[in-house]
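*Asks:* pasting a predicted model and its sequence here:
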Amino acid sequence: MTDSNTLMIVNIALVLIAYFVGSISSAVIVCKLMRLDDPRTHGSNNPGATNVLRLHGKKAALLTLTGDMLKGVLPLLIAHLLNVPELVIALTGVATFTGHLYPVFFGFHGGKGVATLIGILFGIYWPLGLAFSGTWLLVALLFRYSSLSGLVAAVLTPFYTAVLLPSVYYIAANSLMAIILIWRHRANIKKLMAGTESKIGAGKP
């Protein structure tokens, strides 16, 4: 087997593994371990940190958030350690994000992707993660809507990438993930427009 074939196999394996890592649902696992209600069948039915916070409190939500961010970071760190091309790093990020949204281990019912995207952005280039996180935090402090914070940060992500990491592969990948994240929040957008969206700290719906 030639070196080029070996590298191709490594690259393909990395992207596939990234999808499987992304498919690990932190919310479901945390709630099962803590013997709490499944977030996919309660509240907003979204297996993410925000719904877990409303349903089960800060400890479970923090564990969920940490798990979702870590699974975003780890595949990208491995990609950097393997010194793979930028295209493969970008595809690794997209694969991890896809796994979170459509997890093979949990009936393809995943979250909306904010925490995992933060982890991915930190893994690709840490200033991107800081930019997204800072935007999320600022909007959350001003308006106290988790969904609005994620949406604003997602809209700005392609611009942050163009400024901080002007690579066509990263701009394309991050723009794609941002668009999908916005699409996944379409129900939240309707609620925001109707004034019925729950604010951070509002408690159980």
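*Replies:* Looks like it arrived, so ask away.
*Asks:* after the worst-scoring helix or strand of the chain on mean pLDDT, which helix or strand is next? Please name it.
*Replies:* In the chain, no helix or strand scores lower on mean pLDDT, DSSP states H and E than helix 49-56, which sits at a mean of 90. Remark: after helix 49-56, the chain's next helix or strand is helix 58-81, criterion DSSP states H and E.
*Asks:* list the helices and strands whichever helix or strand comes after that following helix packs on?
*Replies:* Per DSSP H and E, the first helix or strand lying C-terminal to helix 58-81 is helix 86-101. Applying 3 or more C-beta pairs under 8 Å, 6 or more residues apart in numbering; DSSP states H and E, one finds that helix 86-101 contacts helix 3-22, helix 58-81, helix 114-124, helix 168-184. (Each C-beta comes from the backbone N, C-alpha and C, glycine too.)
*Asks:* so where is this protein shaky, pLDDT-wise?
*Replies:* Within the chain, the segments meeting pLDDT under 70 span 1-2, 202-205.
*Asks:* apply 80 and report the result again.
*Replies:* 1-3, 201-205 (pLDDT under 80).
*Asks:* mind listing residues that contact stretch 44-56?
*Replies:* With contacts defined as C-beta atoms under 8 Å, 6 or more residues apart in numbering, stretch 44-56 is touched by 25, 27-28, 30-31, 34, 36-37, 39-40, 42-43, 60-62, 64-65, 68, 106, 109-112, 114-115, 146-147, 198, 200, 202-205.
*Asks:* recalculate using a threshold of 6 Å.
*Replies:* Residues outside stretch 44-56 that contact it (C-beta atoms under 6 Å, 6 or more residues apart in numbering) are 25, 27-28, 36, 39-40, 42-43, 60-61, 64-65, 111-112, 115, 146, 204.
*Asks:* what separation do you get for the residue most central in space within the chain and Thr196?
*Replies:* Geometric centre of the chain, nearest residue: Thr116, 2.3 Å, by C-alpha atoms, centre = their mean. From Thr116 across to Thr196, the span is 26 Å (C-beta to C-beta, to the nearest Å).
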